[in-house]
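Student: Sequence plus the predicted model coming up.
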Amino acid sequence: MGLEQLEAMVHETVTAGEPFEYGADRAEMDYLSSLAARPGTRLICEVGFNAGFSSWAFLSGSPSVIVYSFDLAGYAYSSAAKEHIDELFPERHNLIRGDSHVTITEFAKQNPDLRFDVVFVDGDHSPEGARADLADLRPMTTPETVVVMDDIMPWLWYGEGPTTAWQEAVDAGLIAHRSFFQDGDPVEKIEPPASRAWAEGFYPR
Ligand SMILES: C[S@@+](CC[C@H](N)C(=O)[O-])C[C@H]1O[C@@H](n2cnc3c(N)ncnc32)[C@H](O)[C@@H]1O
């Protein structure tokens, strides 16, 4: 439902020569939808809305989930995607615009009792940025929250930061690692080539 329209908008953006950041592909979207469909999942947080693909995957995965996205939302296509997502999934999506290194902590202070069932980290891909997002989200989680770090592909420039941040968080005991995924399949170790790869874990207490 409606994914083709998001893809058409992206196609127009790219052919018009505007900068575009890619997001989840079909295999990753299927995985994100499956997280949303897990029994008891209601509140989902993502850092990185971009063109709305991961939001679409979560929202189409279950009719009862609500998604909170944190994004700079500096691209014109992000605003167009937000409008489209709101038409498709009325009152089920919230976009918190601005730098996640400020907005997540502010949002947590304003919502001290809110706990997410899933958090998906796919925003600032620098090591320090991904590290900060992981740490700043922790107060809004429980040990049952599923945390996913996208782009565990250290051989790509945008994969180094998330990979480093995830490994450091695991080593420090902030995150308990559960599984890696490569192009939709659970794997022990991620190895090139891969179109998409990510890690799943939880915040132990
Ligand atoms: C790879 S895209 C996200 C893709 C999306 N999750 C999907 O799968 O469709 C990364 C996004 O992170 C956002 N971003 C980068 N740095 C950020 C920051 N410091 N605060 C908030 N958003 C940021 C960018 O604006 C961009 O939209």
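Tutor: Cool, got the structure. Residues are numbered from 1 along each chain as shown.

Student: Run a quick neighbour tally on Ala24.
Tutor: 25 (other Cβ atoms under 10 Å). Backbone N, C-alpha and C define where each C-beta goes, glycine included.

Student: May I ask which helix or strand encompasses it?
Tutor: Secondary structure assignment for Ala24, by DSSP states H and E: no helix or strand.

Student: contacting residues for it?
Tutor: By Cβ atoms under 8 Å, 6 or more residues apart in numbering, the contact set of Ala24 is 32, 53-54, 57, 150, 196.

Student: Could you do Val119 as well?
Tutor: By Cβ under 8 Å, 6+ apart, the residues touching Val119 are 44-47, 137, 140-141, 145-148.

Student: just Arg138 next, same as before
Tutor: 174, 203.

Student: Reduced to three states, what does it come out as?
Tutor: The assignment at Arg138 comes out as helix when based on DSSP: H, G, I helix; E, B strand; the rest coil.

Student: Out of the contacts of Val119, list just those in helices.
Tutor: Counting by DSSP state H, the contacts of Val119 place Leu137 in helices.

Student: Asp113: which of the contacts of Val119 is nearest?
Tutor: Distance ranking of these against Asp113, using Cβ to Cβ, places Met140 first at 9.6 Å.

Student: Could you check how many residues crowd around that closest one?
Tutor: Residues near Met140, counting by other Cβ under 10 Å: 21.

Student: quick one, what contacts the closest residue in space to Val187 that isn't next to it in sequence?
Tutor: Spatial nearest neighbour of Val187, chain neighbours left out: Phe180 (5.1 Å); criterion: Cβ to Cβ, 6 or more residues apart in numbering. Shown in contact with Phe180 (Cβ under 8 Å, 6+ apart): 152, 186-190, 197-200.

Student: Tell me who's in contact with the closest residue to the ligand within the chain.
Tutor: Minimum separation of the chain from the ligand (Cβ to the nearest ligand atom) falls at Gly23, amounting to 2.2 Å. Contact analysis of Gly23 by Cβ under 8 Å, 6+ apart lists 48, 50-54, 122.

Student: and if you look at Ala37?
Tutor: Shown in contact with Ala37 (Cβ under 8 Å, 6+ apart): 61-62.

Student: so does stretch 2-16 get close to the ligand?
Tutor: No - using Cβ under 6 Å from any ligand atom, stretch 2-16 stays clear of the ligand, coming no nearer than 9.0 Å.

Student: which of the contacts of Val119 lies closest to Ala108?
Tutor: Met140 (5.4 Å).

Student: doesn't Leu114 make contact with the closest one?
Tutor: Yes - in this structure Met140 lies within contact range of Leu114 using Cβ atoms under 8 Å: 5.8 Å.

Student: No further questions, thank you.
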